[in-house]
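Colleague: I'll drop the sequence and a predicted model, then ask my questions.
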Amino acid sequence: MVWQLFRVIGNCVNEVIVVKSYIKEKILEVLGGNKMSIADMTIDSLYDLEQTIAADLFKNQAYPWKVLPLIKDYIMALGSQLSFDEYDLVNGNVWVAKSAKVAPTAYINGPAIICKEAEIRHCAFIRGNAIVGEHCVVGNSTELKNVILFNYVQVPHYNYVGDSILGYRSHMGAGSITSNVKSDKTLVSIKCDGKATQTGLKKVGAFLGDYVEVGCNSVLNPGTVIGRNSNVYPLSSVRGCVPANSIYKKAGEVAGKK
């Protein structure tokens, strides 16, 4: 009788676990935990091109990773057209807006463009191939490499952003980084909805849509795409795609915003 009782209790517990799992899955569906498709990863879906000096670079491309190899040459071409009334030319290939604030301890390697009203803080390290948009904040000990920051982007504290594009008013919390190289050094693919899209590139970081918020000490793994208006919990490891208007809690648990 005792063993039969334990068996009945065990079966009930298992049924409760299954029901809770089912309910949780349905709740996430109702809240908008929908999957992201390749169509949602286009430049038009992620970015407002009115909010970057690099708009022309994007117009002939469908997907943001196609832009990464073109950043260096585009900066050189665009920089030569900038007005000396608004920009200072430093070290031959670094254009800094006269209204930008650059800390004396910051280091900027070219080619790079620092747009109007941007703020480059203490010990920031810009390694080259970087466009920092208007009113952006590049904070203390933050490192940039081969990136485009749309206007009003904030990477203010101990961030690494490499081979990435950050949309209008996106923000990375303290210590959050974009990982841009796989551990096995193979080419990066963009994984979405069970499918992999090949980039043909060894170095690909993350693509943050407009208004994305990334929590402190999070890691965006190579080839991560985060749709507009989405939030990532602190201490997250994000891989693949996060739909627009979502809250990323952890792998397999993404809820839609109400």
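Modeller: Structure received. Computed from a predicted model, the values in this text were never measured in an experiment.
Colleague: ok, so what distance separates residue 205 from residue 245?
Modeller: To residue 245, residue 205 is 22 Å away according to C-beta to C-beta, to the nearest Å. Yep, even glycine has a C-beta here, placed from its N, CA and C like the rest.
Colleague: Show me which of the two is the more surrounded one.
Modeller: Taking neighbours as other C-beta atoms under 10 Å, residue 205 and residue 245 compare with residue 205 leading, 28 against 17.
Colleague: And the strands in the stretch 1-150 of the chain, which stretches?
Modeller: 87-90, 94-97, 101-102, 107-108, 112-114, 119-120, 125-126, 130-132, 137-140, 143-149 (DSSP state E, counting those that start in this stretch).
Colleague: now those in JSON lines, with mean neighbour count, distance to residue 225 and mean pLDDT?
Modeller: Formatted as JSON lines, the strands of the stretch 1-150 of the chain follow (neighbours: other C-beta atoms under 10 Å; distance: least, C-beta to C-beta, whole Å; pLDDT from 0 to 100):
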{"stretch": "strand 87-90", "mean neighbour count": "16", "distance to residue 225": "32", "mean pLDDT": "97"}
{"stretch": "strand 94-97", "mean neighbour count": "22", "distance to residue 225": "29", "mean pLDDT": "98"}
{"stretch": "strand 101-102", "mean neighbour count": "18", "distance to residue 225": "31", "mean pLDDT": "98"}
{"stretch": "strand 107-108", "mean neighbour count": "18", "distance to residue 225": "28", "mean pLDDT": "98"}
{"stretch": "strand 112-114", "mean neighbour count": "27", "distance to residue 225": "24", "mean pLDDT": "98"}
{"stretch": "strand 119-120", "mean neighbour count": "22", "distance to residue 225": "27", "mean pLDDT": "98"}
{"stretch": "strand 125-126", "mean neighbour count": "20", "distance to residue 225": "24", "mean pLDDT": "98"}
{"stretch": "strand 130-132", "mean neighbour count": "27", "distance to residue 225": "20", "mean pLDDT": "98"}
{"stretch": "strand 137-140", "mean neighbour count": "22", "distance to residue 225": "22", "mean pLDDT": "97"}
{"stretch": "strand 143-149", "mean neighbour count": "25", "distance to residue 225": "15", "mean pLDDT": "98"}
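Colleague: I'd like those laid out as CSV, including distance to residue 240.
Modeller: Listed next are the strands of the stretch 1-150 of the chain as CSV, based on distance: least, C-beta to C-beta, whole Å:
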stretch, distance to residue 240
strand 87-90, 39
strand 94-97, 35
strand 101-102, 36
strand 107-108, 33
strand 112-114, 30
strand 119-120, 32
strand 125-126, 28
strand 130-132, 26
strand 137-140, 27
strand 143-149, 21
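Colleague: Looking at those, spot the one closest to residue 257.
Modeller: Closest approach to residue 257 among the strands of the stretch 1-150 of the chain is made by strand 143-149 (24.1 Å; C-beta to C-beta).
Colleague: and the closest one, what does it pack onto?
Modeller: Of the remaining helices and strands, those touching strand 143-149 by 3 or more C-beta pairs under 8 Å, 6 or more residues apart in numbering; DSSP states H and E are helix 71-79, strand 125-126, strand 130-132, strand 160-166.
Colleague: for the record, mean pLDDT for the longest one?
Modeller: Which is helix 71-79. For helix 71-79, the mean per-residue pLDDT is 98.
Colleague: Which strands or helices does that helix pack on?
Modeller: strand 112-114, strand 130-132, strand 143-149.
Colleague: The last one relative to strand 160-166, how many degrees between them?
Modeller: Translated: strand 143-149. 0 degrees (axes from the mean of the first three to the mean of the last three C-alpha atoms, to 10 degrees).
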